[in-house]
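S.K.: Just a sequence and a predicted model for now, questions to come.
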Amino acid sequence: MKKSNWRPRASLWATGLMVVGALAGCAPLVLGTAAGGAFMATDRRTSGAQVEDQGIEIKAANRLRDVLSDRAHVNVTSYNRLLLLTGEAPTAEQRAAAEKEVRGIENLAGVVNEIAVMPASSVSSRANDLLLATKVRATLVDAPDLISNAYKVVVERGEVYMMGLVTEREAKRAAELTSTIKGVRRVVKVFQILTEDELANKLPAPTRLNGTPLNSPAASAPASAAETPAATPAATGVTTTPLSPADPVQVQPLPPSQP
């Protein structure tokens with residue numbers, strides 16, 4: 001079996017500064033004692049959940065190595081035990097096989113499969129994604145009404161996936177800001193929603209994806225690729241479906257293109 005072009009993701013936040021996280025084509029970061037301590041102290045996940053997420057990413061990457069061909073490019077991102085699959089697979093069968101394989105990992109709260117059926121992205125495309133992710137993170141840092149390290153940002157082919165333990169207000173605000181950044185084709189919200197009381201009282205994180213229980217069938221449904229005025233057409237071979245109110249993973253409309 002040939003090795004697939006997979007890479008697990010992880011993010012590293014230093015005190016007072018967000019360092020660009022690993023994106024497509026990057027190896028996982030190793031958290032040092034000092035930086036890792038600051039990261040865990042300011043993350044809304046428990047320290048145990050953060051360690052568990054790292055383990056889930058490693059397990060998922062190892063499993064995908066055995067089921068995907070060398071033409072696939074798939075990234076795995078775990079946040080509070082919710083696993084996001086992004087990237088590209090050459091066939092629908094490989095896309096389905098990837099999801100099936102990672103579902104066997106213990107302690108998963110849910111799987112969101114956003115793998116596109118299309119050729120693997122180019123090196124230049126991944127470089128653009130890295131730059132775009134930096135812009136998104138900088139925008140969140142600059143927002144005075146947001147806690148930037150409450151968000152995890154994943155970018156694929158100009159499409160921004162946002163994860164995190166946030167309130168409805170924080171989710172809406174972050175998505176709206178991100179949608180205004182030049183080069184963003186789509187904003188997909190993969191948030192686990194906290195109530196204002198849960199956030200204020202620091203209660204245990206909920207197992208809800210955008211308000212939908214993670215153990216429900218709907219919570220594992222892929223995000224719909226609803227077209228927006230600023231979005232470019234999906235590549236040939238990518239199946240898209242209209243966004244419906246029941247979808248737990250939500251697409252943020254982009255603002256109209258400027259003349």
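M.R.: Okay, I see it.

S.K.: list the buried ones in stretch 83-99?
M.R.: Buried residues in stretch 83-99, defined by neighbour count with 16 or more other CB atoms under 10 Å: 83-90, 94-95, 97-99. (C-beta placed from N, C-alpha, C; glycine too.)

S.K.: Can you get me a residue count around Ser47?
M.R.: Using other CB atoms under 10 Å, the number of residues around Ser47 comes to 13.

S.K.: swap in Ile115?
M.R.: There are 24 residues near Ile115, going by other CB under 10 Å.

S.K.: same check, this time on the one 5 residues further on
M.R.: Ala120: 21 surrounding residues under other CB under 10 Å.

S.K.: measure it to Asn62 for me?
M.R.: For Ala120, the distance to Asn62 equals 20 Å [CB to CB, to the nearest Å].

S.K.: What's the end-to-end length of stretch 171-185?
M.R.: Stretch 171-185 has an end-to-end distance of 18 Å (CA to CA, to the nearest Å).

S.K.: wait, I meant stretch 113-123
M.R.: 22 Å.

S.K.: Would you mark the buried spots in it?
M.R.: Neighbour counts over stretch 113-123 (16+ other CB under 10 Å) mark Asn113, Glu114, Ile115, Ala116, Val117, Met118, Ala120, Ser121 as buried.

S.K.: Then stretch 48-61?
M.R.: Neighbour-count burial for stretch 48-61 flags Ala49, Gln50, Glu52, Asp53, Gln54, Ile56, Glu57, Lys59, Ala60, Ala61 (criterion: 16+ other CB under 10 Å).

S.K.: ditto for stretch 169-186
M.R.: Judged by neighbour count (16+ other CB under 10 Å), stretch 169-186 contains these buried residues: Glu170, Ala171, Arg173, Ala174, Ala175, Leu177, Thr178, Ser179, Val184, Arg185, Arg186.

S.K.: Averaged pLDDT, stretch 68-78. What do you get?
M.R.: Stretch 68-78 shows a mean pLDDT of 95.

S.K.: buried set for that stretch?
M.R.: Buried residues in stretch 68-78, counted by 16+ other CB under 10 Å: Leu68, Ala72, His73, Val74, Asn75, Val76, Thr77, Ser78.

S.K.: For the helix or strand hosting the fifth one, name the packing helices and strands.
M.R.: Taking DSSP states H and E as the definition, one finds Asn75 inside strand 73-79. In terms of contacts (3 or more CB pairs under 8 Å, 6 or more residues apart in numbering; DSSP states H and E), strand 73-79 is packed against strand 7-8, helix 47-67, strand 82-89, strand 151-156, strand 159-166.

S.K.: give me the low-pLDDT residue ranges for this protein?
M.R.: 1-41, 202-249, 252-253, 257-259 (pLDDT under 70).

S.K.: What's the local residue count around Ile147?
M.R.: Using other CB under 10 Å, Ile147 is surrounded by 16 other residues.

S.K.: Only C-alpha atoms, please: export stretch 82-89 in PDB.
M.R.: Only the C-alpha atoms of stretch 82-89 are listed here, as PDB (Å, rounded to 0.1, in the frame of the first residue of the first chain):
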ATOM      1  CA  LEU A  82     -14.700  16.600  17.100                       C
ATOM      2  CA  LEU A  83     -12.700  15.500  14.100                       C
ATOM      3  CA  LEU A  84     -12.600  17.500  10.900                       C
ATOM      4  CA  LEU A  85     -11.400  15.900   7.600                       C
ATOM      5  CA  THR A  86     -10.300  18.300   4.900                       C
ATOM      6  CA  GLY A  87      -8.400  18.100   1.700                       C
ATOM      7  CA  GLU A  88      -8.900  16.100  -1.500                       C
ATOM      8  CA  ALA A  89      -9.400  12.500  -2.500                       C
END
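
S.K.: sorry, back to before: looking at the helices and strands packed on strand 73-79, which is closest to Val136?
M.R.: strand 151-156 (5.1 Å; CB to CB).
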